[in-house]
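Trainee: sequence first, then the predicted structure, then my questions.
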Amino acid sequence: MTGHINHFYVGGNTAHGFVSLMESSLQGLERLFILQGTSRTGKSDMIRTIGDHMVSNGHDIWFIHCASDNSSLDGMVIPLLKVGIIVGTDRYVIQSMLPEIAVEYVNLGEACDSTQLRNQQVTIDDLNRQISRAYQDAYAGFAEALRIHDEWEALYIANMDFQAADELTKEYIDVLYGDRKLQKQSRVDHRFLGAATPKGAVDFVPNLTEGLKRYLIKGRPGSGKSTILKKIAAVGIERGFDVEIYHCGFDSNSLDMIIVRDLEFAIFDSTAPHEYFPERVTDEIVDMYTRCIIPGTDEAHDEAIIHIKERYAARMKQSIQYLAEAKSLQDELDNIYAQSIDFSLVDRIRDEVQTDISCISAIAD
C-alpha cells in the first residue's frame, strides 16, 4: 500500500525577513540527516528520491518545500519512524536541537571538485552578493507592503464589533471542541500555510485539509481572522489535543489555519492569496465581515480601500519580482557547482542514506 504525503512550508520569505519554523517539525525525531555542501545542487533530488521510495513502501511522510525555489524541497520527515532529512543551510540553523536526536551530517561537498570551483571563485562571490541584495530588496518591499496592509486593517478595526467577535469565537470553540479534552500534553507543530515564492503565492491547503471538516473564514483585513484562530489553537492546546498551527507566509505573527486531526477539523483564513470556496459537502463558511463589522463599512471607505489595494498590490508584485531575480541568480550559481559535481558519488551517498533509513524501517516492522 502506498503512503500519504503531506506538503507544507516551514521557511518563509516574509515582511520580517526570512523566518524559519523548521525546529518545530523536528520535535520527537530520533534520527536526523543534515545534508551539507556549499550548493543546493543534489540535495533536493536526494530528499525527493528517498521520500518517494519510502512512500512506495507504505510510509506516510512530510515533504517540506522550499519557499525560494518552487521545484525544490528543504526537508522530509517520516513521523512513524521518527526520522528526518533536511538541507543544512544558514537559514535553517538549529538553535535548540533536542539532545535525544541522533544527528548525522551528510557532506555532499565531497562530490565537488574544489580545484574547479576555486577557478570560479570571483564569479561565485559576485553571484552570492547579488542574491543577497535581491533578497534584501524583496524583504524591504514586503515590509513596506505590511505597513500598507496595516492601514487597510485600521479601517476595519475602527468599525469592529468586538463583542460580536467574542461571541462568534465562543460559538466556534463550542462547535469544534464541545466539552472534549484529552489527558495528555498537546503536541504543537508550527508551519506556514503558504509562501511568497518566485512564482507568487503558493499554498497546499487542499492537501493538508484532505479528509477533514473544513471551516472557511471569510472577512476583511482587520476583521479578527487571526485572533479567532489564536484563541481556537489555545483551547486545543489547553485540552491536550495535538494542534497544527499554520502561520501567515506574509506576516509570520499572524495565523492563517488551525488543524486538529484528533477531531478531524481544519479552520482557515480563506481570503486572497489563499482564497477557497466550499467545494465539499461538509465545508462551512465563517463570515466574520457580516458578523463582526459594522454594515456599510466597505461602501463608506470605498475610495480609500481602492487606493490602499493598489499600493499594496504594487509592492507585493515588485517583491515577488525580486524573489524571481534571486532564483535566477541562484540557478546560475547552481550551474557552476553542477559542473564540478561527481553525481555518481552523490547517488552513492544517497543510496547509503536510503539504506540506513530502510534498516530503521525494518527494525520498526
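Mentor: Yes, it's here. Small disclaimer: the values here were computed from a predicted structure and weren't measured.
Trainee: going by C-alpha atoms from here, please, whenever you check contacts or count neighbours.
Mentor: Fine.
Trainee: can you show me the helices along the stretch 1-150 of the chain?
Mentor: Secondary structure of the stretch 1-150 of the chain (DSSP state H, counting those that start in this stretch): helices located at 22-26, 43-56, 114-118, 121-157.
Trainee: the first one: which residues count as buried?
Mentor: This points to helix 22-26. Judged by neighbour count using 16 or more other C-alpha atoms under 10 Å, the buried positions of helix 22-26 are 22-23, 25-26.
Trainee: export those to CSV and tack on distance to H53 and pLDDT?
Mentor: Putting the buried residues of helix 22-26 into CSV (distance: C-alpha to C-alpha, whole Å; pLDDT from 0 to 100) gives the following:
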residue, distance to H53, pLDDT
M22, 23, 95
E23, 24, 93
S25, 21, 96
L26, 21, 95
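Trainee: just the residues you listed now: which is nearest A143?
Mentor: A143 lies nearest to M22 out of the buried residues of helix 22-26, by C-alpha to C-alpha, at 22.2 Å.
Trainee: my guess is the closest one meets G12, correct?
Mentor: No. The criterion here is C-alpha atoms under 8 Å, and M22 misses it with G12 at 10.4 Å.
Trainee: what touches both of these two?
Mentor: Common contact partners of M22 and G12 (C-alpha atoms under 8 Å, 6 or more residues apart in numbering): none.
Trainee: mind listing what H7 touches?
Mentor: The contact partners of H7, taken as C-alpha under 8 Å, 6+ apart, are 62-65, 204, 207-208.
Trainee: narrow those to just the buried residues.
Mentor: The neighbour count (16+ other C-alpha under 10 Å) marks 62-65, 204, 208 as buried among these.
Trainee: what comes up buried for the helix or strand bottoming out on mean pLDDT in the chain?
Mentor: The helix or strand of the chain with the poorest confidence is helix 114-118; it has a mean of 89 (mean pLDDT, DSSP states H and E). Going by neighbour count (16+ other C-alpha under 10 Å), the buried part of helix 114-118 is L117.
Trainee: show residues contacting that helix.
Mentor: With C-alpha under 8 Å, 6+ apart as the test, helix 114-118 has contacts from 336-337, 340.
Trainee: are any of those residues buried, and which?
Mentor: The neighbour-count test (16+ other C-alpha under 10 Å) applied to the contacts of helix 114-118 identifies 336-337 as buried.
Trainee: with Y135 as the reference, measure out to L208.
Mentor: Separation of L208 from Y135 (C-alpha to C-alpha, to the nearest Å) stands at 28 Å.
Trainee: need the contacts of H7 in CSV with pLDDT and distance to R129, can you?
Mentor: As requested, those are exported to CSV (pLDDT from 0 to 100; distance: C-alpha to C-alpha, whole Å):
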residue, pLDDT, distance to R129
W62, 98, 33
F63, 98, 30
I64, 98, 27
H65, 98, 24
F204, 98, 32
N207, 98, 37
L208, 98, 37
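Trainee: rewinding a little: which one of the helices of the stretch 1-150 of the chain has the lowest average pLDDT?
Mentor: Mean pLDDT values for these show the minimum at helix 114-118, a mean of 89.
Trainee: so how far is that helix from its chain's centroid?
Mentor: When C-alpha coordinates are averaged (C-alpha atoms, centre = their mean, to the nearest Å), helix 114-118 and its chain have centres 35 Å apart.
Trainee: for the stretch 101-250 of the chain, just list every one of the strands.
Mentor: Using DSSP state E, counting those that start in this stretch, the strands assigned to the stretch 101-250 of the chain run over residues 102-107, 188-192, 194-197, 200-203, 213-218, 243-247.
Trainee: which among these is found nearest to L73?
Mentor: Ranking those by proximity to L73 (C-alpha to C-alpha) places strand 194-197 first, at 12.9 Å.
Trainee: between the contacts of H7, which is nearest L73?
Mentor: H65 (4.3 Å).
Trainee: so K327 touches T197, yeah?
Mentor: No. Counting by C-alpha under 8 Å, T197 is not a contact partner of K327; they are 9.3 Å apart.
Trainee: can you pull the poorly scored residue ranges out of this structure?
Mentor: Along the chain, segments meeting pLDDT under 70 span 93-99.
Trainee: nearest residue to the middle of this structure?
Mentor: Nearest to the geometric centre of the chain sits Y9, at 2.3 Å (C-alpha atoms, centre = their mean).
Trainee: is that one bridged to anything, and to what?
Mentor: For Y9, the beta-bridge partners under DSSP bridges are H65, F192.
Trainee: returning to what we had before: show me whatever sits in contact with both of K327 and T197.
Mentor: Taking C-alpha under 8 Å, 6+ apart as the contact rule, K327 and T197 both touch 68-69.
Trainee: one step back: the residue nearest to the centre of the chain and Y139, how far apart?
Mentor: Look at Y9 and Y139: by C-alpha to C-alpha, they are 18 Å apart.
Trainee: what number of residues are in the vicinity of Y139?
Mentor: Number of residues near Y139 (other C-alpha atoms under 10 Å) recorded here: 22.
Trainee: now do the contacts for it.
Mentor: Y139 makes contact with 13-18, 319, according to C-alpha under 8 Å, 6+ apart.
Trainee: tell me what the closest residue to D189 other than its chain neighbours is bridged to.
Mentor: Spatial nearest neighbour of D189, excluding adjacent residues (C-alpha to C-alpha, 6 or more residues apart in numbering): E244 at 4.8 Å. Counting by DSSP bridges, E244 is bridged to D189, I259.
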